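[1] can you look at this prediction? I've put the sequence above it.
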Amino acid sequence: MNDMRSDILKEIQDEKEREKGLQSIRQARYYNKNKQRLSVNRDKKANALSQRNIVVRNKQQLIDIMGGKCLDCSKSFPISVYDFHHVNPEEKESTIRFGWKWERILEESKKCVLLCANCHRIRHINNRAA
């Protein structure tokens, strides 16, 4: 009885190991068949991360150049809270895109003041009310 039980358990164990071997073979075949596509996707993700780093760096540099504090409330905030408000809407060419070349960012930023998101909204509400 015990011999029969141990034979069944061994057979189950052998079947699991065969299945693991087949799975790794399938994974290797899939990788070989799709490695160029997988490599391109990996490169795209790495490029997106480096692009994000450039955007964050450019925004932080511009915040530092503009004083690092909200013009209206004089408080310091994390980078994501700041907005760049165009003082004269007629001069505005575009919203600042931090993926632009640095010279273009500086050129557009000359038309702006640094505000926290809350003060920026308040300015726009006041401009509409006036």
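    Looks like it came in fine.
[2] check what pLDDT the residue minimising distance to the centre of the chain gets.
    Residue closest to the average C-alpha location in the chain (C-alpha atoms, centre = their mean): R52, at 5.4 Å. Reading off the confidence values, R52 has pLDDT 83.
[3] so how far is the helix or strand it falls within from its chain's centroid?
    R52 is located in helix 2-65, with elements delineated by DSSP states H and E. With C-alpha atoms, centre = their mean, to the nearest Å as the basis, helix 2-65 stands 21 Å off its chain's centre.
[4] same question, stretch 116-125
    Centre-to-centre, stretch 116-125 and its host chain are 25 Å apart (C-alpha atoms, centre = their mean).
[5] low pLDDT regions in the chain?
    Under the criterion pLDDT under 70, the flagged ranges of the chain are 1-2, 37-41, 130.
[6] try 90
    When the per-residue scores of the chain are filtered using pLDDT under 90, the ranges that remain are 1-56, 88-102, 105, 126-130.
[7] may I ask you to confirm that S74 belongs to a strand?
    No. When classified by DSSP: H, G, I helix; E, B strand; the rest coil, S74 is found to be coil rather than part of a strand.
[8] that one: how many residues sit nearby?
    By the measure other C-beta atoms under 10 Å, the count of residues near S74 is 10. C-betas here are computed from N, CA, C, even on glycine.
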